[in-house]
Each structure stands twice: as structure tokens, then as C-alpha cells.
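Enquirer: Whatever this is, show me its structure:
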Amino acid sequence: MTQAAEKTFFPRTSSGLVKEFGTIDFLLMASAAIFSLVFAILQFPWYYGFNQGANLSVGLVIVWVPFGLLMLTYWAMGVIMPRSGNDYVWVGRIMHPSIGFAWSFLYMFAVFATAYCSAEYTLSSAMATSTLVFGFLYNSPSLVGAGTWLSTPFGSFLLSVLMTLFFAVLAIAGAKVVKRFLYVFWGVALGGIVTMWGLLASVTPATFAGKWDVVLSHYSTYNGILTLAGQQGWSIPAYGLAASIAALPFAALFPLGGNFVNVMAGEVKNARRALPIALLLSLVLAVAIWIVTSELAVNAVGQDWMNAIAYMWDNTPGAYSSVVPFAPTLTLWLSLIAYPNQLLVALIPTFFILGSLPGLFVYFWIPSRYFFAWSFDRIIPSKMAEVSKKYRTPHFAIAVVTVMAILVDALIAYTTWPTVETFGTFLWEVAFVIPAIATVIFPFRKKELLALAPGFMRKSIGGVPLLSIIGGLTAISFGYFGYLALVNPLITAPTFIAEATTLGIIVACFLIYYASLAYHKRGGVDMQMAFKEIPPV
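Expert: You can find the predicted model right below:
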């Protein structure tokens, strides 16, 4: 009778997914989520344009502390409940299933739209700029035409769709193919990082100014940028710690993402070993890469010039585009530094395009495990939890993610949707408050599972479980970051569409949950019983 009862809780007694990923695989995934070359294309002008006088390296050192707490939280809950859709599983079983579903869907969608779909367009923009610059430098009308076409809405949309379809095929093909892909293209990314660092370290602001003036003086000289920025209201800022602290909400956006791999926890071998290494080491490595890249970039082009061009691009885009027709991308600067070496100029976009693929793929691929987990709990149709017998992948869930990506890509290309993206960034930061609160509650609601936590996290301080303290500090930290982001119009620009989309997702998720509950109850299945147990492996 027990076995028959268990079959009514879940569609089957095994998830059907196979543990084919190891510690190094997870480390590569987590690292790609935090640092991908695509995220470096416009991040520095964005940061310095809105934070005059700040130092990104200082900010990253400070925000490493709350992110370390976040990784400890995900480490603990990951090894206690190593399942697909990991944070959804623990939030739903500690707090309430409807809260777990609504929170995880909103979080998944915010991350997917901002880190995957928007990044596709950033990469498309870099490809367009690099193609245009290469065509301009070497007098190739065909390349200029190709770059111009890539910068059109249709060109960007088509490129994004093709990239999504490629990732869909890769995701369905299974773990062995995915691992080969990650290792090969992470190798390309490392080559790109070394080349980027070498080029940035090879110039001073004076030599960079000379390169700029040789190639782009018919638009504006290096010093002309400083003059024009001054005419637009910019002045050399006061550099110091105060500016860096004020910019912490911006700095906090750089280390986001590594914890996302926990959603794949049901498919990793020896989760107790793999998760802490992947989570903590990826954070250390990625923050170090961001710091080195930022310092080299600022030292290469000049602190004042970086602030000046970033200020115009962020705050007076009309004045900027009237002088320079290209976005101030890192790929543009690297191309100028590499000029006239034609091979290096061609290698830069190649490295950035191919080296960006692991990070983009991770953000495309992982959301399918949320759909799988929701389906396995019967909240959405069980078809989404179907696993291919040949490839051991949830092909229907991947197909839904593919359709979702194409729809969001279309919204970005042809509507005002990009104005919603800043709200998605705020949601991404503040979303961690919910799983952190669940971690606070966990030792009191699931005492029998506390023994599965890492040894030091089972201890108490003053009668309060250490795990609850870590969760509480994490909730406070990210609640504060979320507040700072929400009240800062430079980070978050709340619009009716953004707020309506957010509220609509939350309401729809609660309606779906309770409709599914009623539907299955009529069929004789008490869906809520599944949430009294951890899903089968």
C-alpha cells in the first residue's frame, strides 16, 4: 500500500535524469554564469557612466561578502536537497508550494530575460560594431554592409533566434555533448581573456589616444571626447571610497549568477563535494577576473577618459551618437589597440563571440530544469517532466524554453520591452531574499533534514542555528541591495509594463497552482502530499 500511495504523489519513482556531471563541469557552468566575455562588452561604460569617481574593484571586494553568504546558503540547501529545480524544491517545501512556484517562476523569468535574451542582443551589437569597424579599417564595403544589417532589429532578432535554436539542439543532445561544448568553448574564452589582458596591458592612455586619433579622428579625437563631455556637464570627479560605496548596488550586479547551477543539482555526482567547490571557487575566480579586467581597461584608456565617454553614453546619448556612431564597447577599444595587426583585429570578435557561448548556453539551458521540477510536482502538465530515453534530457521542457526565448527576443527587437529589463535586474537581486528566508526557517520546520547539512552549519550560536544566521544575513544583504536598486533610477526604471508583468506573473502562478490542485483532487490525487517529501532522484 505504501508503494501504491507513493505513486500518486509523483508521476514516477525516478526523475529519469542521470547524474552525468562532475565537479569540474559544475565549476565551469558556475564560472561561465558569473563571468562571460559577453558581459564585459558594455559593463564598464555602464558602471562608470553612472558612478563617477567610483572604483569597481573596491566595490567588488566589498560585495564579495554578501555573495559569499549567498553561496553558503545555496551550498547548504543544495546538498540537503540535491534535486532539479533545487531552490524551488526547498522554498516550496519549507514555506509553501504556491510561494515556491510563484517565486521560482518570477526569478527564473527575470534571470532568463536579462542574462540570456538581453545578452544575446549585447553580443549581436558587439558583432555588428566589430564587423563595421573591420570593414571601415580595411575598406571593405561588404563588411560594412553586413555590420549595418546586423545592427537592424531584424538582423539582431534573426541572429538571436539562430543562437537559441543551436542551444536547443545542444541541450536536447544530452550531457556528453554539453560537456564537450563547455570544455571546448571555455578554452576559447580563456584564450580570449588572455588576449584581452595582453592587449590592455600593452598600452597606456597616451598610446591608446594615439590609436584612437589615427583611426577615429574624423569622428572625434581622444581629447575631443573629453571636451565634448565637459560641454555636456561632465567634470573630473572626486575619486574615493565614498563614491565606490554609493555604487555598491551596481557592483553587486557583476557577481550575479553562479548560484544558478544549483538548479542542476539533481544531475551532479557527489553533490556534497561538487556544489561547495563550484559555488565558492567560481565566485572567487570570477570576481578576480572582473577586477583584473576592470583595472586593465581603466589603466589602458585612462580613468578620466573612461568616465567622460561613459558619462556621455549613459547620460547624453544624443550628444554621444552625434559624434561617435559606435557604442563604447570593450571590443571596439581592443580593436583599436590591435590595429593595424589584421589578424588580431579579426581574432577579437571571434574570441568574444565563441567565448561567450558557454555563459549564454548556461542561462538558456538551466531554466528547463525549473519546468521539469514544476511538472514533476504536477503543478504544470506532466509532459514537461518527460525525459528522452535516448538522450536523458527533458526535451519538452527544453522546447518550451526555446519558444519563450524567441518570444522575448521578438519583444526586445520590436517593442519597448528593453525598458522592462532594468526592472528584471532589480528582481534578480531582490529575489534571493525568499530562499534566504526559507533557509532561516528550515532548521525549525525540517529538523529531521538538518543532519544532512554540512557539519559546521549544524552548529548553533547562542541557541540560534548557524544556518539560520547565514540565511538571515543573506536576506538582509540582498534586501538592502534590492532597496538601493529600486530607489535608484539609474538602475531600476519602474514602468507600468514592468510592474504589470511582475504582478501578472505572480497572480498567474498562484492561480495555476490552485487550479492544478483542484484538478488533480478531482482525479483522486492529493497533489499537496508530494510537497511533504523531497522528489525522487
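
Enquirer: what pLDDT, on average, does stretch 164-171 get?
Expert: For stretch 164-171, mean pLDDT rounds to 96.

Enquirer: what do you get for stretch 373-391?
Expert: Mean predicted confidence for stretch 373-391 is 90.

Enquirer: Any chance you could list what contacts it?
Expert: 10-11, 15-17, 83-85, 88-89, 92, 97, 101, 104-105, 172-174, 371-372, 393-397, 400, 512-513, 516, 520, 525, 527, 530-531, 535 (CB atoms under 8 Å, 6 or more residues apart in numbering). All C-beta atoms are positioned from the backbone trio N, CA, C, and that covers glycine.

Enquirer: Now, those that are in helices?
Expert: Members of these lying in helices (criterion: DSSP state H): 88-89, 92, 97, 101, 104-105, 172-173, 371-372, 395-397, 400, 512-513, 516, 520.

Enquirer: any idea how far residue 374 lies from residue 482?
Expert: 25 Å (CB to CB, to the nearest Å).

Enquirer: correction: residue 467
Expert: With CB to CB as the criterion, residue 467 and residue 482 are 22 Å apart.

Enquirer: what sits against residue 205?
Expert: 299, 300, 301, 302, 305.

Enquirer: Ramachandran angles for it?
Expert: phi -50, psi -30 (degrees, to the nearest 10).

Enquirer: Which residue is the nearest non-sequential neighbour of residue 340?
Expert: residue 137 (7.8 Å; CB to CB, 6 or more residues apart in numbering).

Enquirer: Tell me where the stretch 1-150 of the chain has helices.
Expert: For the stretch 1-150 of the chain, the helices defined by DSSP state H, counting those that start in this stretch occupy 2-9, 23-34, 43-50, 56-80, 86-94, 97-111, 118-137, 141-150.

Enquirer: Contacts for the fifth one next, please.
Expert: What it means is helix 86-94. Outside helix 86-94, the residues within contact range by CB under 8 Å, 6+ apart are 74, 77-78, 80-81, 83, 99-101, 103-104, 107, 259, 262-266, 370, 373-374, 377, 434-435, 438-439, 441-442, 445-446, 531-532, 534-535.

Enquirer: Give me the below-cutoff pLDDT ranges for the stretch 51-200 of the chain.
Expert: For the stretch 51-200 of the chain, no stretch has pLDDT under 70.

Enquirer: List phi and psi for residue 460.
Expert: phi -130, psi 150.

Enquirer: so what's the residue nearest to it when sequence neighbours are not counted up against?
Expert: Of all residues not flanking residue 460 in the chain, residue 466 sits nearest, at 6.4 Å (CB to CB, 6+ apart). Counting by CB under 8 Å, 6+ apart, residue 466 makes contact with 456, 457, 458, 459, 460.

Enquirer: gap between the fourth one and residue 467?
Expert: What it means is residue 459. 9 Å.

Enquirer: now swap in the last one and tell me
Expert: Relative to residue 467, residue 460 is positioned 9 Å away (CB to CB).

Enquirer: which residues do those two both contact?
Expert: With CB under 8 Å, 6+ apart, residue 460 and residue 467 have no common neighbours.

Enquirer: Those two: which has the busier surroundings?
Expert: Taking other CB atoms under 10 Å, residue 460 and residue 467 do not tie; residue 467 has more neighbours (25 against 12).

Enquirer: give the contact list for the more buried one.
Expert: 76, 439, 442, 443, 450, 453, 457, 458.

Enquirer: ok, the first one - how many residues close by?
Expert: If I follow you right, that is residue 76. By the measure other CB under 10 Å, the count of residues near residue 76 is 26.

Enquirer: And the residue nearest to residue 342 when sequence neighbours are not counted, its phi and psi?
Expert: Once flanking residues are discounted, residue 342 sits nearest to residue 138: 6.8 Å by CB to CB, 6+ apart. Dihedral pair for residue 138: phi -110, psi 20, per degrees, to the nearest 10.

Enquirer: Might one say that residue 138 is in contact with residue 343?
Expert: No: the criterion here is CB atoms under 8 Å, and residue 138 misses it with residue 343 at 11.9 Å.

Enquirer: Mind checking which of the two has more residues around it?
Expert: With neighbours defined as other CB under 10 Å, residue 138 and residue 343 compare such that residue 138 has more, 13 against 7.

Enquirer: ok, so what distance separates that one from residue 246?
Expert: Taking CB to CB, one finds residue 138 at 44 Å from residue 246.

Enquirer: Equivalent analysis for residue 527, please.
Expert: For residue 527 relative to residue 246 (CB to CB), the value is 48 Å.

Enquirer: of those two, who's got more company?
Expert: More crowded of residue 527 and residue 246, by other CB under 10 Å: residue 527, with 20 against 16.

Enquirer: Could you give the number of residues near the residue lying closest to the more buried one once chain neighbours are set aside?
Expert: Nearest non-adjacent residue to residue 527, counting by CB to CB, 6+ apart: residue 520, 4.5 Å away. By other CB under 10 Å, 17 other residues sit near residue 520.

Enquirer: do the same with residue 473
Expert: Neighbour number of residue 473 under other CB under 10 Å is 18.

Enquirer: wouldn't it be in contact with residue 70 here?
Expert: No: contact between residue 473 and residue 70 fails when scored by CB under 8 Å: they sit 9.7 Å apart.

Enquirer: show me the contacts for residue 271.
Expert: The neighbourhood of residue 271, defined by CB under 8 Å, 6+ apart, consists of 78, 79, 82, 265.

Enquirer: Surely residue 313 and residue 50 touch.
Expert: No: counting by CB under 8 Å, residue 313 sits too far from residue 50 to count as a contact (10.3 Å).

Enquirer: Which one of the two is surrounded by more residues?
Expert: Between residue 313 and residue 50, counted using other CB under 10 Å, residue 313 has the larger neighbour count: 22 against 18.

Enquirer: Residue nearest the middle of this structure, spatially speaking?
Expert: In the chain, the C-alpha nearest the mean C-alpha coordinate belongs to residue 115, at 4.0 Å (CA atoms, centre = their mean).

Enquirer: neighbours of the residue nearest to it when sequence neighbours are not counted, just the number please.
Expert: Closest residue to residue 115 apart from its sequence neighbours, by CB to CB, 6+ apart: residue 363 at 4.5 Å. Residue 363: 24 surrounding residues under other CB under 10 Å.
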